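Novice: sharing a model prediction with you, sequence too.
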Amino acid sequence: MLKRVDLNGFKCWRGKTTVELRPLTVLTGANSSGKSSVIQAILMAAQTLQTSSHQSSVVLNGPLARLGSFRDVVSEGRRSMGLAFELDVSARNTTLSDGGRLLQTPDGLLRVDRNAGSLRSVEVKFDLSVPGVSRKSLSTLDPLIRDSTITLVRDDVGGTEPGPRDSERTTFGVTRTESKAAGHAKVEREDLDEPSDAILENPVYRPSVGFPAELTPWERTTGETPNVRVDGVTMLHFLPRRVLVAYDQSAKATFQLRNVVGLERGSGWYPPIWDISSDPSGDAFMQSMNSVLTSVRDVEGVEQSAKKALDALVTCHEPEVYGERLRRFFREASSQTLGEVTRTVKERTERPTTDPAKAESRLWMREYRSLDDSAEQGVRVLRDFFRGRIRYLGPLREQPRAFYPESSAPDARDVGTRGERTAEVLYGYREEAVASVDPTAPISGLGQTKRVPLVRAVQEWLRYLGVADSVAAHDQGVLGFALEAAAPGQLAKHGLIHLGTGVSQVLPILVMALLAPNGSLLMFEQPELHLHPKVQARLADFFYAMTLIGKQCLVETHSEYVVDRLRYLCAAGKAKSISDNTIIYFAENASSGSSLRSIRIDEEGSIPEWPEGFFDESQHLSLQILHAGSAKRKRSSSGSAG
């Protein structure tokens, strides 16, 4: 579930504004007060992570939203903006791997952390800006990520007793460095398996807060990371993708050398048959090992069979077989020969150098690694949510048509932002079992979920809303798809062009919401358009029913009937959960930018603090009618008396 959205400098939200979301969140307020901007921020993040191109930090103009240039989305007078999204994933009960991870310490080096727990929440926060100071630069369609931070909150792995668990918070982030290399920023965002020397030497994004990297088998087993540091991070839009790790190749090879002969086994034994060919420091280890073995070969007392094995090792240039030959040597050599090898390694690795320049120099090896398991899971949760759990239906829906042409979409279940694919989706998935709620059940029992075919669930809600008794979708070949529905109380079905606009406005809402997977965020803008007040009110029942089957609804509306129905649901329901799971926001215009006020509905359906301008127009008009009628009667009485 999307738990929180932070807006800072996004469109009319000039200062930092936090929107706490519930299973059912309703946005209300005057026109141009910023309600739609909250939804647009989510859509921008979604279409960014859904795109197949890696070239943009964010996608301002895509299939979900057309936002224009950076000038159109950044608040007036600002050159940067910030967004943050927090997901509550505790319900997923996801357990992280218990493998090790590297966490960067304040001195830039890394430590091993083996703790892991169930992920409770994950947050991404990023800032966008444009280079330069000219007004023209604001017209860019490709603003740059200035900073990006991810925070993971996990249950403490140390707890074993049932009940509430302590939490552990991990934060890692990147900051952008200025690069004058032509095309450098563009190349950095490409999906490169072989990074260029320019990126390796001068990465665009560097860690700003402790950054986790994947451990190699050697590092996980030994618990040692000699002089390892994180030098850079590659980004997939606003999310980190890979980590540029640098380590002292000589120090690693030395540690491997000592570990092979048993001098470092106190910190964990590493067998001498790892895949040297895939280890970037494998060549350095082979050279160091061969230098030792060449010296040992000429020592008096080394048996002839051992010398042959040593010759085979020293002349071996194939990393794939080197480890196997080394293991055979240790298995077959005498204890005297092995002791000589250990003595030589110890002498060479513990002998202090007398060359100050050599003592201070390090042979740094750089390589890209994946994020560690816990960090990668947090990034994956964010990526999967915005890619596959966002559903949006705009305010201007498709008008009734005789035929709806077939169209393609990345998600075959997507009805489209205008509902233009509703007929095609309903036809294709009409028999698929979906979770639903019996709309005719009393409010107190509006929690009995069931699984029924999609078309049956749609028809039950159409009857409850009072717009149709039944509906059917048909494949019309090259013409596309057709929709037919029976008016309330009728048996015969007719095309939607003969039934007015009500059915065509409601159908996309029902099909999109019922077919969306659990955990989806369903966003609707002005779902009440072209609908009778009774239908508007009952739509609130449908939105609440979706929360009961594990879906989240974000509704932007001007309908007081939707709000009043939610108040009734809170009052009529036996449980307090309806009130706890619902929140209403009232957006207001101000000279300093828009502001957002939360409106709480208590369990009796009352609004303790009713803000001025919040659906009070009917009351004002009623008073004006009474005053006008009273004044007219007085004038009439005065005229009669005269």
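Specialist: That came through fine.

Novice: element containing residue 124?
Specialist: According to DSSP states H and E, residue 124 maps onto strand 119-129.

Novice: domain parsing of the protein, as residue ranges.
Specialist: Split into domains by automatic domain parsing, the chain comes to 2-212+371-377, 251-367, 389-574.

Novice: let me see the contact set for residue 150.
Specialist: Residues in contact with residue 150 (C-beta atoms under 8 Å, 6 or more residues apart in numbering) are 122-125, 171-173, 239-240, 375, 378-379, 382. Where you see a C-beta, it was placed from the backbone N, CA and C, and this is true even at glycine.

Novice: once you drop chain neighbours, what's closest to it?
Specialist: Take residue 150 and drop its neighbours on the chain: the residue closest to it by C-beta to C-beta, 6 or more residues apart in numbering is residue 124, 5.2 Å away.

Novice: and that neighbour, how far is that from residue 3?
Specialist: Residue 124 is 12 Å from residue 3, where distance means C-beta to C-beta, to the nearest Å.

Novice: more neighbours: which of those two?
Specialist: Neighbour count, other C-beta atoms under 10 Å: between residue 124 and residue 3, residue 124 has more, with 24 against 18.

Novice: and the more buried one, what does it touch?
Specialist: Residues near residue 124 by C-beta under 8 Å, 6+ apart: 84, 85, 148, 149, 150, 238, 239, 382.

Novice: in strands only, show me those residues.
Specialist: Counted as lying in strands by DSSP state E, out of those, are 84, 85, 148, 149, 150, 239.

Novice: residue ranges with poor pLDDT in the stretch 151-300 of the chain?
Specialist: For the stretch 151-300 of the chain, the stretches with pLDDT under 70 are 156-166, 178-203, 214-228, 248-253, 255-256, 259, 261-281.

Novice: partner residues bridging residue 588?
Specialist: With DSSP bridges applied, residue 588 shows beta-bridge pairing to residue 595.

Novice: again, but for residue 85
Specialist: Bridge pairing for residue 85 (DSSP bridges) gives the partners residue 5, residue 124.

Novice: surely residue 325 touches residue 313?
Specialist: Yes: using C-beta atoms under 8 Å, residue 325 is in contact with residue 313, at 5.4 Å.

Novice: neighbour-wise, which of those two wins?
Specialist: residue 313 (20 against 16).

Novice: just the pLDDT at the more buried one, thanks.
Specialist: At residue 313, the model reports a pLDDT of 85.

Novice: quick one: it and residue 283, what's the gap?
Specialist: Separation of residue 313 from residue 283 (C-beta to C-beta) stands at 14 Å.

Novice: spatially central residue for this protein, please.
Specialist: Compute the mean C-alpha point of the chain, and by C-alpha atoms, centre = their mean the closest residue is residue 382, 1.7 Å away.

Novice: just to revisit the earlier point, closest to residue 533 among the contacts of residue 124?
Specialist: Of all the contacts of residue 124, residue 533 sits closest to residue 85, with 34.7 Å by C-beta to C-beta.

Novice: which parts of stretch 460-480 are buried?
Specialist: Residues 460-465, 467-474, 476, 480 are the ones in stretch 460-480 that count as buried (16 or more other C-beta atoms under 10 Å).

Novice: and for stretch 522-531?
Specialist: Going by neighbour count (16+ other C-beta under 10 Å), the buried part of stretch 522-531 is 522, 523, 524, 525, 526, 527, 528, 531.

Novice: residue 36: which of the residues you listed is nearest?
Specialist: Distances from residue 36 to the buried residues of stretch 522-531, taken as C-beta to C-beta, are shortest for residue 525 (6.3 Å).

Novice: could you look up the SS state of the closest residue to the closest one other than its chain neighbours?
Specialist: Of all residues not flanking residue 525 in the chain, residue 395 sits nearest, at 4.2 Å (C-beta to C-beta, 6+ apart). The three-state label given to residue 395 by DSSP: H, G, I helix; E, B strand; the rest coil is coil.

Novice: residue 395: what's it in contact with?
Specialist: 525, 526, 529.

Novice: where's the second one relative to residue 28, distance?
Specialist: Meaning residue 526. From residue 526 across to residue 28, the span is 11 Å (C-beta to C-beta).

Novice: which residues do the two both contact?
Specialist: In terms of C-beta under 8 Å, 6+ apart, residue 526 and residue 28 are both contacted by the residues 556, 557, 558.

Novice: how close does residue 15 sit to residue 599?
Specialist: Residue 15 is 20 Å from residue 599, by C-beta to C-beta.

Novice: for residue 495, name its beta-bridge partners.
Specialist: Under the criterion used here (DSSP bridges), residue 495 is bridged to residue 484.

Novice: that one against residue 402, yeah?
Specialist: Yes: Residue 495 is within contact range of residue 402, at 5.7 Å (criterion: C-beta under 8 Å).

Novice: between these two, which contacts overlap?
Specialist: By C-beta under 8 Å, 6+ apart, the residues touching both residue 495 and residue 402 are residue 482.

Novice: if we can go back for a sec, can you put the contacts of residue 150 in CSV and add distance to residue 71?
Specialist: Converted to CSV, those look like this (distance: C-beta to C-beta, whole Å):
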residue, distance to residue 71
122, 31
123, 28
124, 24
125, 23
171, 32
172, 32
173, 27
239, 25
240, 28
375, 34
378, 33
379, 30
382, 27
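
Novice: quick revisit: my guess is the residue nearest to the centre of the chain meets residue 84, correct?
Specialist: No: with contacts counted by C-beta under 8 Å, residue 382 stays clear of residue 84, the gap being 11.4 Å.

Novice: which elements pack onto whichever strand or helix holds residue 284?
Specialist: Using DSSP H and E, residue 284 maps to helix 282-297. Under the contact definition 3 or more C-beta pairs under 8 Å, 6 or more residues apart in numbering; DSSP states H and E, helix 282-297 sits against helix 249-260, helix 304-314, helix 319-332, helix 335-350.

Novice: got the buried residues for that helix?
Specialist: Across helix 282-297, burial judged by 16+ other C-beta under 10 Å covers 282, 284, 285, 286, 288, 289, 290, 292, 293, 296, 297.

Novice: tell me the angle that helix makes with helix 304-314.
Specialist: Helix 282-297 and helix 304-314 are oriented at 150 degrees to each other (axes from the mean of the first three to the mean of the last three C-alpha atoms, to 10 degrees).

Novice: the inter-axis angle of helix 282-297 versus helix 319-332?
Specialist: Using the same axes, to 10 degrees: helix 282-297 against helix 319-332 is 30 degrees.
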